[in-house]
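when you get a sec, could you give me coordinates for this:
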Amino acid sequence: MIRAGAALLLALAGTADAPPTLISVPAQHAVVEGIATDGRTVWLSSVVDRTILTHDRGKAGRFAMPAGTLHPMGLAWDAARQWLWIATDCPRLPAIARCESGALVALDRKGRLRMKLSPGPGFHPDDVSVGGGSVFVSDSQNSAVYRLDRGASTLETLIAPGTGRSAQGTALMSNGKYLLVADYGRGIAVIDLASKARLPLPKADGKPLLGIDGLVRVGEDYYGVHNGSSPGSLIRFRIDGIKIDVTVVHRGAPLADPTQLAVDGKRLLVVADAGWPAASKPEVPARGADTVVAFDLP
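Purely as a prediction, here's the structure:
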């Protein structure tokens, strides 16, 4: 692992009205999308420069994505395998060349490639989660969701392409039998892992919860970010029968461009300002951001 010196800066405190900043990322890492943690190390995906940034108790580091892999997007830590799962693709940014297909890859702690998988051509993964010994990866372009069971070497289709609009975060329910999926344009749905039946879960008013990116479970609560408008929001919801009960935890600054979340045991870590809008405009210079903020869990 290559030490990055001051590539990541630990913030000491936040304001009373905003969550404290945990990690700030310098301008050379123009887009930071994914986050994962094992409770000690925090990993971030620096999309454009194909780099994984690390932060371990004030010490910053980084490693490049292995040869033959694409740009890192969503991240998930697999404690059983001791692997970092990464959704890799070629997102539509001026600095990134187009590609036919992405892949789900796994790296060990030293950044060595351990596995690389794809269900076929046209695979564009964006988010990944780990639960119950399985890995779940979602396709942001065709709404498909796939599962990789422990010991398997191929991805199993849970939601077929075209079922929704844009699959984002996934989270395994506490009973291990159902998977929650956030589809950006269709809302939250629950998938029966045995039958693969899909059931939409609307809000109490009967409308879907749209525009949710990232998803994590804490006990019986689920957290996600809403980034359909700027600034964004952190939301929490709980399943109530066949509907969801939604609460806005925080709206506005510093959630300028929130994307993904991770839990370190006591806190919810949120990529608060990923940098996508600026990177999408080649005439706008890259800038650093207070990228990761921490919310105390109730």
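
quick one, what contacts P121?
100-101 (C-beta atoms under 8 Å, 6 or more residues apart in numbering). Yep, even glycine has a C-beta here, placed from its N, CA and C like the rest.

surely it is in a strand?
No - membership of P121 in a strand is not supported by DSSP: H, G, I helix; E, B strand; the rest coil, which gives coil.

what pLDDT does the model give it?
Per-residue pLDDT puts P121 at 94.

what's around G275, how many residues?
By the measure other C-beta atoms under 10 Å, the count of residues near G275 is 26.

how about it, nearest residue that isn't a chain neighbour?
Leaving aside its chain neighbours, G275 sits nearest to V31 (4.7 Å; criterion: C-beta to C-beta, 6 or more residues apart in numbering).

how many other residues sit next to that neighbour?
Using other C-beta under 10 Å, V31 is surrounded by 28 other residues.

let me see the contact set for it.
Counting by C-beta under 8 Å, 6+ apart, V31 touches 46-48, 93, 274-276, 279.

the same query, at a cut-off of 6 Å, please.
By C-beta atoms under 6 Å, 6 or more residues apart in numbering, the contact list for V31 reads 47-48, 274-276, 279.

likewise for P125?
Neighbouring residues of P125 by C-beta under 6 Å, 6+ apart: 87, 89, 102, 104, 137, 139.

turn the contacts of V31 into TSV, including pLDDT and distance to D257.
Supplementary listing: the contacts of V31 in TSV, determined by pLDDT from 0 to 100; distance: C-beta to C-beta, whole Å:
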residue	pLDDT	distance to D257
V47	96	13
V48	93	15
A274	92	5
G275	89	6
W276	89	6
A279	84	10
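
which of those fall within helices?
Within the contacts of V31, residues falling in helices by DSSP state H are 276, 279.

on that earlier part again, highest neighbour count among the contacts of P125?
V137 (30 neighbours).

paired strands for the helix or strand where Y146 lies, with orientation please.
Per DSSP states H and E, Y146 falls inside strand 145-148. Here strand 145-148 is paired, per DSSP bridges, with strand 134-139 (antiparallel), strand 156-159 (antiparallel).

return the most buried member of those strands.
strand 134-139 (a mean of 26; mean count of other C-beta atoms under 10 Å).

using CSV, write out every CA atom in it.
Extracted in CSV, the C-alpha atoms of strand 134-139 (Å, rounded to 0.1, in the frame of the first residue of the first chain):
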residue,chain,number,x,y,z
SER,A,134,-23.9,-13.4,-0.1
VAL,A,135,-22.9,-10.4,-2.2
PHE,A,136,-25.6,-8.3,-4.0
VAL,A,137,-24.8,-6.0,-6.9
SER,A,138,-27.2,-3.7,-8.7
ASP,A,139,-27.1,-2.4,-12.3
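
got the contact list for the strand holding Y146?
With C-beta under 6 Å, 6+ apart as the test, strand 145-148 has contacts from 119, 134-138, 155-159, 167, 181.

beta-bridge partners for I239, please?
Per DSSP bridges, the residues bridged to I239 are I244.

equivalent analysis for T51, please.
S46, A64.

that one and R62 touch, don't they?
Yes - between T51 and R62 there is a contact under C-beta atoms under 6 Å: 5.3 Å.

rounded mean pLDDT for the strand holding Y146, please.
So the average pLDDT for strand 145-148 ends up being 98.
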